[in-house]
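Chemist: Here is my input, please return the structure:
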Amino acid sequence: MRAVAAMVAHSAHVKAGLLYVEGAGWEWAKLPSLPATADVTFAIILGVEPDEVDRTRVLRIEVEGPTKPVGNVDHDFVANTIHQIPGTPIHEPRVLELEDLRFVEWGLHRLTAVLLDGDARHELAVVEFSIVSA
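Modeler: Now for the predicted structure:
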């Protein structure tokens, strides 16, 4: 499995196997003061191999600040082929709402998408953005 695309956005949803994204690709978020709580929408399109279909996996989003971890969110999912045409790539779009993240540092933050499969840990994508003072 691999990440075909990953981004933070103002909003996103999946409908009929397609990813709909609004306000994506931002590089910073303004907060009035720290510590502060904010929500972040994380959208990812996963490239899935045929032998990875119909297996339950955990997609973890790890959130890190410049010097401290912010937290992580786990999402159980099963890739399926409902919207796939035979012989075409299998793309599985997902949206994870990262709610009530507590930011305590200004500066560069990173969201790392990690696939957990038993004891194996596979880094899929990293998205960076900065927290700046309003």
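
Chemist: So what's the residue count around E52?
Modeler: By other C-beta atoms under 10 Å, 17 other residues sit near E52. Placement of C-beta: from N, CA and C, glycine included.

Chemist: I'd say it and N80 touch.
Modeler: No - counting by C-beta atoms under 8 Å, E52 stays clear of N80, with 10.7 Å between them.

Chemist: any idea which element the residue most central in space within the chain lies in?
Modeler: Centroid-nearest residue in the chain, with C-alpha atoms, centre = their mean: F42, separated by 4.0 Å. Secondary structure from DSSP states H and E places F42 in strand 36-48.

Chemist: What is whichever helix or strand comes after that strand packed up against?
Modeler: Going down the chain from strand 36-48, the next helix or strand is strand 56-64, by DSSP H and E. Of the remaining helices and strands, those touching strand 56-64 by 3 or more C-beta pairs under 8 Å, 6 or more residues apart in numbering; DSSP states H and E are strand 36-48, strand 69-78, strand 90-103, strand 107-117.

Chemist: As CSV, those strands with distance to K15 and mean pLDDT would be great.
Modeler: Listed next are the helices and strands packed on strand 56-64 as CSV, based on distance: least, C-beta to C-beta, whole Å; pLDDT from 0 to 100:
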stretch, distance to K15, mean pLDDT
strand 36-48, 13, 95
strand 69-78, 16, 92
strand 90-103, 9, 93
strand 107-117, 21, 96
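
Chemist: Of all those, which one is nearest K30?
Modeler: strand 36-48 (10.0 Å; C-beta to C-beta).

Chemist: With adjacent residues omitted, what lies nearest to the residue nearest to the centre of the chain?
Modeler: Spatial nearest neighbour of F42, excluding adjacent residues (C-beta to C-beta, 6 or more residues apart in numbering): L96 at 4.7 Å.
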